[in-house]
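Trainee: Below are the sequence and a predicted model; questions follow.
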Amino acid sequence: MAQTCIPLEVRGSTDRLEDIIGQVTDPRTLIRRCRMVLSGKRLKATGLRAVRSNPIATRDGVKPEVYHAYRKGLPSACADVVLVRLTDGITAVPLIKRKAPPFAGCWWIMGGAIFSHRPIRQFLLWKVALETSITEEEDIDKWAQQHKLKDDDVSWKGIHIIGWLGTARTAASDMQGTGRVCDTINQCYLGLVTQEHRFFPDQDHTDIAWRTTVKPGDCNHWYPEWAAGKALRIVQAAYEQHASQRRLGNERSLGSVTSLANDALLGKL
C-alpha cells in the first residue's frame, strides 16, 4: 500500500494516546509505529507518526489472501439506498438482481462497502450511477471531479438522497467454502428519483425491476424487503399528505413530497 509520512504535531502537553489520535484531523491518516511505555505509574505513547493511506481504497495493494484473512470476524461498513420513483401518485422502487455471491440470485438495493473516504451520500449517488449503467467510471474521485460534485451535495441528475432510513446487519450464507466472509453493518438511506432515467444492470447484476409493492419473500432476503417496504410507505404517506394539503387549499403548509418524506424520516409526521 502506497503510504506517505506526514508530520504529526501534538498541540499541548499530553501523554494520552486517545488525545493524540484525536488531533489527527485528516480522515485519510492512520497512526503508525506506536509503543506504549510504562513511565512511573503511567503509560506513555512513544514513536508516533501519522501515515496517509491510499486515497482510492484502503485495501489497494494488499494481497487478497491477507485482506480476506483480516476480514474474518470483522463486519464491513456498508451504505445502501432505496430509490423511490413517484409517478401520478404511484410509488415504485428499483431492485437489482445479484449475479454472484454474496446473496447471489437475490433482489437487492443499491450500495456497497464504503472504502473510498468519500461522504456517504456522495458515495451513494456514485453507486446508483454505476450500478444502473448511467456511468462506467469506477473511480469515485474522478467521477465526483468530472461532475463537479462537492462533499455536501446530495443530488445529481434528478437523484436525491433524502436521509437515513435505518441500520441493519447482514451475513451471506453463500460465502461458505470460499475462504471469504460477508458480514456487514448496513446504513440504509432513502432517495427519490425525480428525473426519467433508463436503468440497466451493470456487470455485477443480471436484471433491474421496478416494484410498486415489496412483500416478504419477494427478494429472497429480509433486508431489501424491509428497506424497500419502509421506503415505499414513507414516500406514499408523504405524497398523500401533500395531496391532502393541496385539496384543502392550505398553501401555507404545503410542503414538497421530498420535504415531507424527510419530515417522516425525522419522526415529524
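Mentor: Perfect, I can see it now. Keep in mind that what you see is a predicted model, and the values were worked out from it rather than measured.
Trainee: quick one: Gly191 is in a strand?
Mentor: Yes: counting by DSSP: H, G, I helix; E, B strand; the rest coil, Gly191 is part of a strand.
Trainee: Would you agree it is in contact with Asp80?
Mentor: No: counting by C-beta atoms under 8 Å, Gly191 does not reach Asp80; the two are 10.1 Å apart. Yep, even glycine has a C-beta here, placed from its N, CA and C like the rest.
Trainee: what touches both of these two?
Mentor: Shared contacts of Gly191 and Asp80, defined by C-beta atoms under 8 Å, 6 or more residues apart in numbering, are found at Leu124.
Trainee: out of these two, which sits in the busier spot?
Mentor: A count of neighbours by other C-beta atoms under 10 Å puts Gly191 above the other of Gly191 and Asp80, at 28 against 22.
Trainee: what's across from that one in the sheet?
Mentor: Beta bridges link Gly191 to Leu83, Ile161, judged by DSSP bridges.
Trainee: what's near enough to touch it?
Mentor: Val81, Val82, Leu83, Val84, Leu124, Val128, Ile159, His160, Ile161, Ile162.
Trainee: same question, Leu124
Mentor: Ala79, Asp80, Val81, Met110, Gly111, Ile161, Tyr189, Gly191.
Trainee: Please parse this protein into its domains.
Mentor: 4-52, 75-265 (automatic domain parsing).
Trainee: Give me the mean pLDDT for the last one.
Mentor: If I follow you right, that is domain 75-265. Domain 75-265 shows a mean pLDDT of 89.
Trainee: Could you do the shortest one as well?
Mentor: Per-residue pLDDT values over domain 4-52 give a mean of 48.
Trainee: Could you give the number of residues near Ala100?
Mentor: 11.
Trainee: Kindly report the same for Ile162.
Mentor: Neighbours around Ile162, by other C-beta under 10 Å: 25.
Trainee: who are the neighbours in contact with it?
Mentor: Val154, Tyr189, Leu190, Gly191, Leu192, Thr258, Ala261, Asn262, Leu265 are the contacts of Ile162 under C-beta under 8 Å, 6+ apart.
Trainee: Quick one: classify Lys150 as helix, strand or coil.
Mentor: coil.
Trainee: what's the spacing between it and Gly112?
Mentor: 22 Å (C-beta to C-beta, to the nearest Å).
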